[in-house]
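Undergrad: what's the 3D shape of this:
(chains A, B and C)
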Amino acid sequence: MKLTEKEYSYLTKKISPDTKYYKTLPTAFIIGGLICCIGQAIGDLYKYLGINETDTGTLTSITLVFLSAFLTGAGIYGRIAKSAGAGTLVPITGFANAVVSPALEFKTEGYILGVGAKIFIIAGPVIVYGLAASVIYGVILYITQLF
Amino acid sequence: MEIFMEYLKTFLIGGLFCLIGQLLIDFTKLTPARILVSYVVAGVIMGAIGWYEPITDFAGAGATVPLTGFGYLLSKGVKQAVMEKGLLGAFTGGLEASAGGITAAVIAGLIVALLFKRGDKTKQM
Amino acid sequence: MSEYLNEGTIILTTEPSVYSYAAAGGKMEGDGPLGSCFDYISQESDFGESTWEKSESRLQQLAFSHALSKGGISEGELSFIFAGDLQNQCTGSAYGIRDTGIPFIGLYGACSTMAESLVLASIFVDNNAAEYCAALTSSHFCSAERQFRFPETYGGQRTPTAQWTVTGSGCAIVGKHNNPPYIKGVTIGKIVDLGIKDANNMGAAMAPAAYETIKSYLKVQKKTVNDFDLILTGDLGSVGSEILYELFRKDGVDISTVHNDCGLMIYDFEKQDVHAGGSGCGCSASVLCGHILERVKKGELKNVLFAATGALMSTTVVQQGESIPGISHAVHISCE
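TA: Sure thing, here's the model as predicted:
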């Protein structure tokens, strides 16, 4: 029996199990929410220490990044992410994990071509397109201000 | 009570951003890398048209910790820099505002690469 | 002498023997249902080496040396080694056996490589082109993951159709007709691609190839599914196996009663979170060389059709939007 690609695609979809969304969705929501609350608590701590609002935001990000980096190195972040999915992907801790994990992985290829060259292999696009979008916005903003 | 409400808002909005990400993972063909790029770009756009600031006012870290917050930070930085320096600001504002987070990630990556043993997922099974 | 029949099927008239066989694996494989069948299990995935690539080479050396010593065969008696793995340029094999000094033929058939190497080793022996040949393949979870997917510490979620690369290696030494198990015939598969683009659903990419190859062997050799005690596919996993049943069902054939899949056998689905099952060259290699050949030798299984399956995927080309070609080679192993 010969199947066309279309028939086969239909058969594959029918047989391949769906993700257990009743499990993944609430887990992502809860873990993601909790990470944001940890961020809020860190921010409150810095505010309590008398640091101004802008610096508080930056310091909070840096703290979360280092926290995530440490958990990544210890192999804990990946373990949480296995069930948390987008809950650990979307917060800035996920960005840190995406930077730190290739740095650690490609250590065997040396500090220049391994760690140095591959550090942005996953997170690079985020910076590239984030910056590109911001420059476009800046240029538009500048032009609209001329009139 | 006020503190509780504040954290509840953080939790709900932050969770919501992640929930949307999970919906994209589960029900679309988008890869995690594409989702992250979409989040940052969406953050820049929402920041540019003024939608994101009210969310950060409402939810605090619930809006700044997700990657859309990173995009918002870029747009905020660019806006301020363009006001101060004109066209040059379009090129400097984004990185200036987000320098802390990006530099921290790079430095943390180097430190972890120096100090930690490489990972092994099979150990977690 | 080997005799070509049709549709890639060759009958091996001298019926070469598999003299010895051995399997080595990692901790997860040792914890699985076939753990006791392995000749060597390492509790550490690094096998005492500093890079994952070296670990895989070490793993292959372990399977190779155990197979030789079990069969009482010395390295010098081997005419050729047919070996392969999942790494680019077959690194695991080339570095694993570089110190042996034995003529080497490197193979790439993705997860079908165990059948590919066994096919070639048997044909060489059958035609008097070799005295003894080794068929040797391996895969390592960590070396495969960093080449095909993500860093070990990256926090990603696997889809339900994703398969887990086996850390394992198997080696079979083929020689002239002697004691069972015998290799009676082989089918060299053709590439079958029904347009699957999802690199996380390899079972679906490979199932049509397994179907075509198994069907060809049965048709050309004028056999039915029930002439076999076991039709063993390589690593279709749960999704690919279901698809295979469905494809045969459309022909009015029920293959499910005699079918099993190496990817379904190697892990404990209750305790080990491997989603759709095991995969990788080392999956079918270690299940065949650790478990199945022994059962054929003892006569517990009389006729086995071993059809390892491979997804000939390149991460580069998949990123370019191409679909994943599948392949499957079959080997008829018998104790009669």
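Undergrad: Show me the helices in chain A, by range?
TA: A:5-15, A:21-48, A:53-73, A:76-84, A:86-89, A:92-105, A:117-118, A:124-146 (DSSP state H).
Undergrad: Output the set of residues of chain C in proximity to chain A.
TA: C:50-52, C:146, C:150-161, C:194-196, C:201, C:204, C:208, C:239, C:242-243, C:246-247, C:250-251, C:273 (CB under 8 Å from any CB of the partner chain). Using the backbone N, CA and C atoms, a C-beta is placed for each residue, glycine as well.
Undergrad: circling back: now, of the helices of chain A, which is deepest in the fold?
TA: helix A:86-89 (a mean of 31; mean count of other CB atoms under 10 Å in any protein chain shown).
Undergrad: Run the contact check for it versus chain C.
TA: Yes - using CB under 8 Å from any CB, we find that helix A:86-89 touches chain C at A:T88, A:L89.
Undergrad: can you list contacts of that helix?
TA: A:27-33, A:35, A:77, A:80-81, A:94, A:97, B:15, B:18-22, B:24-25, B:32, B:35-36, C:155 (CB atoms under 8 Å, 6 or more residues apart in numbering or on different chains).
Undergrad: sec struct for C:D273, please.
TA: coil (DSSP: H, G, I helix; E, B strand; the rest coil).
Undergrad: Out of the helices and strands in chain C, which is least certain?
TA: Lowest by mean pLDDT, DSSP states H and E among the helices and strands of chain C is helix C:315-319, with a mean of 93.
Undergrad: now for that helix, which elements pack on it?
TA: Contact partners of helix C:315-319 among helices and strands, from 3 or more CB pairs under 8 Å, 6 or more residues apart in numbering or on different chains; DSSP states H and E: none.
Undergrad: hang on, the earlier thing: generate JSON lines for the helices of chain A, with mean pLDDT as supplementary columns.
TA: Formatted as JSON lines, those follow (pLDDT from 0 to 100):
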{"stretch": "helix A:5-15", "mean pLDDT": "95"}
{"stretch": "helix A:21-48", "mean pLDDT": "97"}
{"stretch": "helix A:53-73", "mean pLDDT": "96"}
{"stretch": "helix A:76-84", "mean pLDDT": "95"}
{"stretch": "helix A:86-89", "mean pLDDT": "97"}
{"stretch": "helix A:92-105", "mean pLDDT": "97"}
{"stretch": "helix A:117-118", "mean pLDDT": "97"}
{"stretch": "helix A:124-146", "mean pLDDT": "96"}
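Undergrad: between those, which one is nearest to C:L34?
TA: helix A:76-84 (24.6 Å; CB to CB).
Undergrad: Are that closest one and chain C in contact anywhere?
TA: Yes - for helix A:76-84, a contact with chain C is found by CB under 8 Å from any CB, at A:Y77, A:G78, A:I80, A:A81, A:K82, A:S83, A:A84.
Undergrad: I'd like these as a markdown table, with distance to C:L312 appended.
TA: Compiled in a markdown table, the residues of helix A:76-84 next to chain C are given as follows (distance: CB to CB, whole Å):
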| residue | distance to C:L312 |
| --- | --- |
| A:Y77 | 33 |
| A:G78 | 29 |
| A:I80 | 35 |
| A:A81 | 30 |
| A:K82 | 29 |
| A:S83 | 32 |
| A:A84 | 34 |
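Undergrad: Show me the two of the residues you listed that sit farthest apart.
TA: It's A:Y77 and A:S83 that sit farthest apart of these, by CB to CB, at 12.2 Å.
Undergrad: Check which element follows whichever helix or strand B:V44 is part of along the chain.
TA: B:V44 belongs to helix B:32-48 when elements are defined using DSSP states H and E. Sequence-wise, the next helix or strand downstream of helix B:32-48 (DSSP H and E) is helix B:52-59.
Undergrad: State the mean pLDDT of that following helix.
TA: Regarding helix B:52-59, the rounded mean pLDDT is 97.
Undergrad: Could you check the angle it makes with helix A:53-73?
TA: Put simply, helix B:52-59 runs at 80 degrees to helix A:53-73, going by axes from the mean of the first three to the mean of the last three CA atoms, to 10 degrees.
Undergrad: ok, and for helix B:52-59, which residues are buried?
TA: B:Y52, B:I55, B:T56, B:A59 (16 or more other CB atoms under 10 Å in any protein chain shown).
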